[in-house]
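S.K.: Give the three-dimensional model of this entry:
(chains A and B)
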Amino acid sequence: MSTFIEQLVNGLTIGSFYALVALGYSMVYGVMKLINFAHGDLFAFGAYLGYTILTSAAGKVTASIGIWGGMAFTAGIVAICVAIAGVLVERIAYRPVYPSGRLSLVVSALGVAIFIQNSIMAIWGSRPQAFPASVVPSLRFSLLGIPVTALQVTILGISFALMFAIWVIVEKSTFGAAIRASALDRETATLLGIDVRKVIFFVFALGPGLGGVAGLMNGLYYRAISFNMGWNYGLKAFTATILGGIGNIPGAMIGGLLLGIVESLLSGYVSGAWKDVFVFLLLIATLIFRPTGILGEKTAEKV
Amino acid sequence: MDISKSILDRIREIPPKSGGARPRLNGKTIIFVSAALLILFPLLPFIDNYWIDVGFYFGIYALLGLSLNIVLGEVGLFDLGHTAFYAIGAYVTAILNTRFHLPILVLLPLSALAAGLFAWLVTAPVIHLKGDYLCIVTIGIGEIVRLTMINNPFGLTGGPNGINGIDTPNLIVPIISSRQFYYLIWAIIGTIAFGLVRLQRSRVGRAWNYIREDETAAEALGVDVRHYKLAAFVLGAALAGIAGNIYASKQMSVSPESFTFMESSLLFCIVLLGGLGSIPGTMLGALAITVFPEIFRPFAKYRLMFFGLALLLMMIFRPAGFLPRLRESGEALRSALRGKRRLPAQGKTDEAEAGSPAAAETETRTRALSSLADRDSSLLEVRGAELSFGGVSAVACMDADVTKGRITALIGPNGAGKTTLFNLITGIYKPQKGKISFKREKISGDSPHAIVRKGIARTFQNIRVFPSLTCLENVLCGQHCRGSAGFVASIFRLPSQRKEEAAMLACADRCLERVGLAASADRLASSLPYGKRRYLEIARALAAQPDLIVLDEPSSGLNDGETADLAKLLLSLLAEGLSILLIEHDMSLVDMVSDHVIVMQSGRKIAEGAMCDIRRDPRVIEAYLGSEED
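M.R.: Modelled structure (predicted):
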């Protein structure tokens, strides 16, 4: 039983990374109808950026404002930098290609993904990097009889707070209504006076910003990062997006958490090696039997 | 308004630059020169084995590119997991060769077969998914195959290290040297490319392009979309399997590292860089992908970075690719059929016999006569048809009849369910209750392409022509369901296929002429002005040689003069024995042509009869006409 609970907590933690990354995919897909293949690599970029800030000048950041302060400071910088990178990706790679159609956009997205991944490799090297123990809080305690680490609690807390904030913005605010309107029908939204460019700017800043923070937290959690980690996390997060219903914001969160738990239970009870195979089978099964996801609605194509 | 329009029309009359009709002045020369270059390349004195190997891998990527081009370029299916099929080919070769010592060349067709079969198994359940959804599934399939190979099930795949010690092929002499492998792969590519070019210019290749351009319209005009999509995947996978076989024997080993997502994305880029559906373009794309890393070898660390950047720049500045595919003119299609041995004139009389104007006229006359004979007998019956979308009833207990040799008009306010009823009749939706029969045969539940074959062809409310195909090719779509030539007949240009193709072309020409578009046959549909696209759709439907033609708001967007011309066309079609069902908002057109009018409101029929009676019906006036005439 206790292993089950441990797996569950572990799954929830991983799931919250997926959920944060999935939010970015889902928002961008909603407005642009584009799978942003670069998103996973922006996640990796966030992890590396955080690594550099925390380890630069022999951990001066952590030394001067403490472990928790250092993490918060780093997360802020990472969020801002990755958000800027996200906006740049849209400006440089997607906006000029948008009129040429979906297929060209896919190639452009693949091009950016390859570019970012290999830039990370060129800057930080191809060997995996490790976060030193001194920058990661090692506090452990027992919560209602479940052994957890302070880091886990913090990650879950921050993730849920961020998800709640996004949910409020997208579902409750006027600007959120503009995002949802642009996702439903970009042209009509433009005709109704919604500045779709502003919406695009927003989703390309917010999505990668969240993804960058998720990348940092992932690095702190596992303490090891590699330049090509973005692809795998990106694909998983995208699976989560599909599970929850593409373009659906609460769906992305639920899909992410669910995927994390399923994955963790699979590797705990079935087989670690075959875990990913099951995940992709789940993805395909979802698309066959419920292509609009758990929370998606059925829509008919207009003929 | 009118003046400006006519000027615009005149501007559009100017043949577009890439209108498909461009004479292939030096096409043959280019093919000849590149073939000669490819043959001579390994014999050049300053080319060492290293560069011959680069030429070999260029060949592997060209073959893989051609195989993906079928799925992605011809049919427009996003396949980002194509490496899975390549991997299956390579592993089938590796496993069967190392365990049972089957010779590599025997395994070549077996690998193709295995990859094709695998593709059929995995894509059959997901082939209905659209665009990005299919793309995600293919990524999933690619990953599942790669992970399975790493996990070494039953000790078959050798895990992360793969399988070593694969034999080399033995073609009379053993094929070992770089040069021999080079010629082997390029001989295979030559053969395959020859077959693919022939497929492109056949009923099969056109069906693929119709699906890429507009899946719904293709299905509604008689193309079995599911069949052709699956066929594309199976053929594409089989060719990738061949590439896998040769790759495995050249490397003498296989390992999961060669079959990553990165590889699939490279293939995707090859097709897009070259130009969607273009065979020479794909080859050029493969060349770019293979040579690029060689040129940037000194900057090893940054070369993939540059590569990503290059992809990006290419998509910004030349999104259509290096060599976008040009469409063949009607003349090119015809001359290809004549073959080389026969004199052109002789060939023409010989093959066009079935579709000669005289024969067509006889056919029309017989139809007109037989139609007159049983005029007014029931052709189409809708009985109690019902369809609702998520609780909203679109069509409810609908009865409707269309009689032979008459024009029946379906009118009603917006949202009355007219188009939904059309979609029920043409099979795009299936009725939840009720029955639709055509010529006393039940058709509800049939798929749209089967219904076209039975004799109902349609047009669409929001025009759905195939934009990047020529008008002639658009109209040939209607003829698709009247032909039967498949892959083998098309690749070998069997006499039956030539005859059929000639008849199809003749029929398409007639239909274009019927609507006054004969002069635009070789223009791309996208270059036609709006009104003419409507006529093109009508010609396309006529080409299906239907008994009943179903027109969804044919006059919308036409001015009064054009509407009058349309009325004339409809009446002359009627005289030729065709029956017509149309949805119309333009009451003057309904008045001019219709024999019988059915009025719908909120998914139900509220009145029917002759137009003069309908005008006086109080329910109709209240629901519809009243508000308009006030």
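S.K.: Which residue ranges of the stretch 201-350 of chain B form helices?
M.R.: Along the stretch 201-350 of chain B, the stretches classed as helices by DSSP state H, counting those that start in this stretch are B:203-213, B:215-220, B:225-251, B:261-274, B:279-295, B:303-317, B:330-338, B:344-351.
S.K.: Residue B:171 is nearest to which of these?
M.R.: helix B:225-251 (11.1 Å; Cβ to Cβ). C-beta: built from backbone N, CA, C; applies to glycine.
S.K.: Now do that closest one and helix B:261-274, the angle between them.
M.R.: Angle between the axes of helix B:225-251 and helix B:261-274 is 110 degrees (criterion: axes from the mean of the first three to the mean of the last three Cα atoms, to 10 degrees).
S.K.: Next, the buried residues of helix B:225-251.
M.R.: B:225, B:228-250 (16 or more other Cβ atoms under 10 Å in any protein chain shown).
S.K.: filter these by proximity to chain A?
M.R.: Restricting those to those within reach of chain A (Cβ under 8 Å from any Cβ of the partner chain) leaves nothing.
S.K.: Okay, now the unreliable bits of the stretch 201-303 of chain A?
M.R.: A:296-303 (pLDDT under 70).
S.K.: For chain B, what's the nearest residue on it?
M.R.: residue A:280 (4.1 Å; Cβ to the nearest Cβ).
S.K.: neighbours around that residue, how many?
M.R.: As a burial measure, residue A:280 scores 22 neighbours (other Cβ atoms under 10 Å in any protein chain shown).
S.K.: In what element of secondary structure is it found?
M.R.: helix A:275-289 (DSSP states H and E).
S.K.: That helix - contacts with which helices or strands?
M.R.: In this structure, helix A:275-289 makes packing contacts with helix A:229-244, helix A:249-269, helix B:131-151, judged by 3 or more Cβ pairs under 8 Å, 6 or more residues apart in numbering or on different chains; DSSP states H and E.
S.K.: Deepest in the core, which of those is it.
M.R.: helix A:229-244 (a mean of 26; mean count of other Cβ atoms under 10 Å in any protein chain shown).
S.K.: just checking, what packs against it?
M.R.: Packed against helix A:229-244, as judged by 3+ Cβ pairs under 8 Å, 6+ apart, are the following elements: helix A:2-32, helix A:39-55, helix A:102-124, helix A:196-222, helix A:249-269, helix A:275-289, helix B:131-151.
S.K.: Of the ones you listed, give the one that comes closest to residue B:316.
M.R.: That would be helix A:102-124 among the helices and strands packed on helix A:229-244, by Cβ to Cβ, at 7.5 Å.
S.K.: Pipe the helices and strands packed on helix A:275-289 into TSV and attach distance to residue A:106 per row.
M.R.: Shown next, in TSV, are the helices and strands packed on helix A:275-289 (distance: least, Cβ to Cβ, whole Å):
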stretch	distance to residue A:106
helix A:229-244	13
helix A:249-269	21
helix B:131-151	7
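S.K.: And these: which comes nearest residue B:33?
M.R.: Using Cβ to Cβ, the nearest of these to residue B:33 is helix B:131-151, at 36.3 Å.
S.K.: chain center to that closest one: distance?
M.R.: Relative to the centre of its chain, helix B:131-151 is centred 25 Å away, using Cα atoms, centre = their mean, to the nearest Å.
S.K.: right, and the helix or strand after that helix?
M.R.: Toward the C-terminus from helix B:131-151 - assigned by DSSP H and E - lies strand B:163-164.
S.K.: helices or strands next to that following strand in the packing?
M.R.: helix B:83-100, strand B:253-254.
S.K.: Many thanks, I have nothing further to ask.
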